[in-house]
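**Q** Kindly generate the corresponding structure for this input.
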Amino acid sequence: MDMKFFSKELVGRSVETLGGKTVGILDDIVLDTVGGGVKYLLINPVGSAFNESVKMDKKGRLVVETERIRLEGERIVIN
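**A** Predicted structure coming up:
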């Protein structure tokens, strides 16, 4: 079965790592218009799930590059 979601159904959901650490709340999704996939996620951070240097935009959101996301219930899981 092919599951499809509108972006407005995903924005506002909690984002977690594969290890179960909460990263933050999804604020926006940026698409790759050439390849057609998810380019990166803009996440309002909660806590400090990332130990390495991370990219932040001018609004203080995490810029997380990813090619795909996985939904588990009401949360989004990223690599």
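**Q** all helices for this protein, in order.
**A** 7-10 (DSSP state H).
**Q** pLDDT weak spots in it?
**A** 1-2, 47-52, 67 (pLDDT under 70).
**Q** max-length strand in this protein?
**A** strand 22-31 (DSSP state E).
**Q** Provide the strand pairings for it, with the direction of each partner.
**A** Here strand 22-31 has these sheet partners by DSSP bridges: strand 14-17 (antiparallel), strand 38-45 (antiparallel).
**Q** quick one: contacts of it?
**A** 7, 10-17, 37-47, 49-50, 61-62, 64, 76, 78 (CB atoms under 8 Å, 6 or more residues apart in numbering). Any C-beta I mention is one placed from the backbone N, CA and C, and that applies to glycine too.
**Q** In it, which residues are buried?
**A** The neighbour-count check on strand 22-31 (16 or more other CB atoms under 10 Å) flags Val23, Gly24, Ile25, Leu26, Asp27, Ile29 as buried.
**Q** wait, which of the residues you listed is closest to Leu71?
**A** Leu26 (10.9 Å; CB to CB).
**Q** Okay, and the beta partners of that closest one?
**A** Bridge pairing for Leu26 (DSSP bridges) gives the partners Ile43.
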